[in-house]
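Novice: I'll drop the sequence and a predicted model, then ask my questions.
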Amino acid sequence: MWRTCRNCFCLIFCAWLLSSCASFPEYSNLTPQYHRSAPEHSPLQQWQPSSVASTSVTELRSVTDLASVPTLSDASGQQAGLKLLGDGLDAFIARLALIQAATSTLDLQYYLYHDDLTGRALTLALLQAADRGVRVRLLLDDMATRGKDEALFQVAAHPNIDIRFFNPFRREYSRELQFITRYGVSTRRMHNKAMIADNLMAIVGGRNIGDEYFNAARDDVVFGDLDVLFTGPVVSDASVSFDRYWNSSLSFPVEQLYQEDISAEQLTASRQKLEQWAQNKQEHPYLKALKKRAGELVSDLGLKTGVEVGSGSVPSSGQELRQGKAYLLGDSPDKLLKPESHSAVFDNISQISDQTTESLLVVSPYFVPGDEGVKYLKQLVDRGVEVTVLTNSLAATDVPAVHSAYKKYRRGLLQGGVRLWELKPDLRQEPVTSWSGSSSASLHAKMLVADQRYIFVGSMNLDPRSVVENTEMGLLFEQAQMATEIRRVMAQQLPTQAYRLSLQDNQLTWHEQRQDCVEKTYDSDPQASSWRRLQSWFLGWLPIESEL
């Protein structure tokens, strides 16, 4: 009898625990908050496109679920100033430049925000902007904030800074347990990456905030990534998308989660500690490289401002950005609440692919096409389209589980005529970043180039997680010169920076073009350790593809 009672008690306790873990933290409803109109006297104002294109990029579906955002088919063409940010150092300088130039608002939306060299430098820059009266809104997915609550809470104590966590975990319970008790909610994340300054300039793409994304990592993997900086009316679409996430029922103020008060003295102490840290880092090799490069890049970006790199700024003069037509593509935050959700981003880039007639370049670090994807790409090839795919090799990937799913489709892709490349893990670092000592490279950029005319840069991988589980965003733009340059550079660099895959006598083969122009071939994943191969083999047996 006692055993029966004990079992019943355990069942009741477990049910209570599961119920508690499954619910969201309690908090009072917040007053909706929206982006502000672009200030007339912002330094960024002068770099807006002077004209609006008269024709639409193509007939596409709605950019988001928001009625206030024009559908792509309705828009008469949104003329934008554009610049690709391929180098990590340049991408970080561009963010610092926007923060310093802002006079009214800064909105930042990221999946990851690390407490490292670049993360702290960016935080200090945001505090300095808030001191100038700039309203700062920082929206972070809660996936990787463990241990950072207190530091972020102290920064949020600044009267001009608000920080919210998206789809938060309860602080009283184990996060690992909540992946079980809130399966289907905690497992779905906000993967968006965006920074918007004064509703006039924005950066979207694949980069999170962290050293590995900005060529600043020491003795660690360095991600090859890509962002696009843009101006013009399409920036307002990015602001509207940000508002939708900021005001979502899944967005929680950090103060509500931390449930403690922070005093002015604590904020001052935290601020002084951060400033002292920055002062001690003045001779850091990365910051010295930052100063050396800043003036040239800021001039290229067309910003008549300086970039703060610690205790000084680098003056610059402005130039025009590339002109093109652009559209902001973004999933609705409600996608995380719908079991049978779809991706507006995927729908739109699929339609661009449908209309491709000559060539399609796909760059995706996590590439799991599935049987339908393989069939689709084969149909493009049969139609005369040259299809090229670049993804990570087993030795280069930072997520072996994804590679274990992708490898099942390599043979079918090659049989279908797809040109398949896998990034090498040992790319040489540029001289400016050689200080890091990193010997490992991994692809993290997400890009699509269609017919050397249309370009998509964003946060979305071509895998089930991006399509179904996560929210994503990106910029689709029409700029033939940039698209042609991308294709040219890729054609030049792929043979030396990636392995070309083929089928020889039905055997999967990797081809490496070496520095001495001699080709070397492999009959198994090159440079992958025995442990990495074992991981890939074991994970390939697990029924987890839909979660990758």
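Specialist: Sure, I can see it.

Novice: secondary structure class for Arg271?
Specialist: Reducing the assignment to helix, strand or coil with DSSP: H, G, I helix; E, B strand; the rest coil, the entry for Arg271 is helix.

Novice: Next one: the closest residue to it other than its chain neighbours from Pro253, what distance?
Specialist: The spatially closest residue to Arg271, leaving aside those adjacent along the chain, is Leu127, at 6.4 Å (Cβ to Cβ, 6 or more residues apart in numbering). For every residue, glycine as well, the C-beta is placed using N, CA and C. As defined by Cβ to Cβ, to the nearest Å, Leu127 lies at a distance of 18 Å from Pro253.

Novice: now do Phe92
Specialist: In this structure, Phe92 lies at 28 Å from Pro253, with Cβ to Cβ as the measure.

Novice: what about those two, which has more around it?
Specialist: Shown here are Phe92 and Pro253; by other Cβ atoms under 10 Å, Phe92 has more neighbours (29 against 17).

Novice: Could you give the bridge partners of Glu478?
Specialist: Assessed by DSSP bridges, Glu478 has beta-bridge partners Lys325, Tyr454.

Novice: Can you name the residues that contact it?
Specialist: Remark: with contacts taken as Cβ atoms under 8 Å, 6 or more residues apart in numbering, Glu478 is in contact with 57, 324-326, 453-455.

Novice: Dump the residues you listed to JSON lines, plus distance to Gln492 and pLDDT.
Specialist: Compiled in JSON lines, the contacts of Glu478 are given as follows (distance: Cβ to Cβ, whole Å; pLDDT from 0 to 100):
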{"residue": "Val57", "distance to Gln492": "28", "pLDDT": "34"}
{"residue": "Gly324", "distance to Gln492": "23", "pLDDT": "94"}
{"residue": "Lys325", "distance to Gln492": "27", "pLDDT": "94"}
{"residue": "Ala326", "distance to Gln492": "26", "pLDDT": "95"}
{"residue": "Arg453", "distance to Gln492": "20", "pLDDT": "92"}
{"residue": "Tyr454", "distance to Gln492": "21", "pLDDT": "95"}
{"residue": "Ile455", "distance to Gln492": "18", "pLDDT": "97"}
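
Novice: circling back to that earlier point, and the residue nearest to Arg271, backbone torsions?
Specialist: phi -60, psi -40 (degrees, to the nearest 10).

Novice: now do Asp211
Specialist: Torsion angles at Asp211 (phi, psi; degrees, to the nearest 10) stand at phi -60, psi -40.

Novice: Do a quick rundown of the strands in the stretch 101-250 of the chain.
Specialist: 105-110, 135-141, 161-166, 194-197, 201-205, 222-224, 227-231 (DSSP state E, counting those that start in this stretch).

Novice: Which stretch among the ones you listed approaches Leu443 most closely?
Specialist: strand 222-224 (5.1 Å; Cβ to Cβ).

Novice: what lines up beside the closest one in the sheet?
Specialist: Strands flanking strand 222-224 in the sheet, each with its direction: strand 441-443 (parallel) (DSSP bridges).

Novice: same question for the partner strand, mean pLDDT?
Specialist: Over the span of strand 441-443, the pLDDT mean works out to 91.

Novice: Over to stretch 195-206?
Specialist: In this model, stretch 195-206 has a mean pLDDT of 97.

Novice: For that stretch, list the C-alpha coordinates in CSV.
Specialist: Extracted in CSV, the C-alpha atoms of stretch 195-206 (Å, rounded to 0.1, in the frame of the first residue of the first chain):
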residue,chain,number,x,y,z
MET,A,195,20.9,45.9,-36.4
ILE,A,196,19.0,49.0,-37.3
ALA,A,197,20.2,52.6,-36.7
ASP,A,198,17.9,55.6,-36.8
ASN,A,199,15.5,53.7,-39.0
LEU,A,200,17.9,54.7,-41.8
MET,A,201,20.6,52.1,-42.1
ALA,A,202,20.6,48.4,-41.2
ILE,A,203,22.7,45.3,-41.2
VAL,A,204,21.3,41.8,-41.6
GLY,A,205,22.9,38.5,-42.4
GLY,A,206,24.4,35.4,-40.8
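
Novice: Buried residues in that stretch, which are they?
Specialist: Neighbour counts over stretch 195-206 (16 or more other Cβ atoms under 10 Å) mark 195-206 as buried.

Novice: Now do the phi/psi pair for Trp537.
Specialist: Torsion angles at Trp537 (phi, psi; degrees, to the nearest 10) stand at phi -60, psi -50.

Novice: Contacts only, for it.
Specialist: The neighbourhood of Trp537, defined by Cβ under 8 Å, 6+ apart, consists of Ser404.

Novice: what do you get if the cut-off is 10 Å, keeping everything else the same?
Specialist: Applying Cβ atoms under 10 Å, 6 or more residues apart in numbering, one finds that Trp537 lies in contact with 400, 404, 407.

Novice: Name the residue closest to the centre of the protein, please.
Specialist: Residue closest to the mean C-alpha point of the chain, counted by Cα atoms, centre = their mean, is Gly206 at 2.9 Å.
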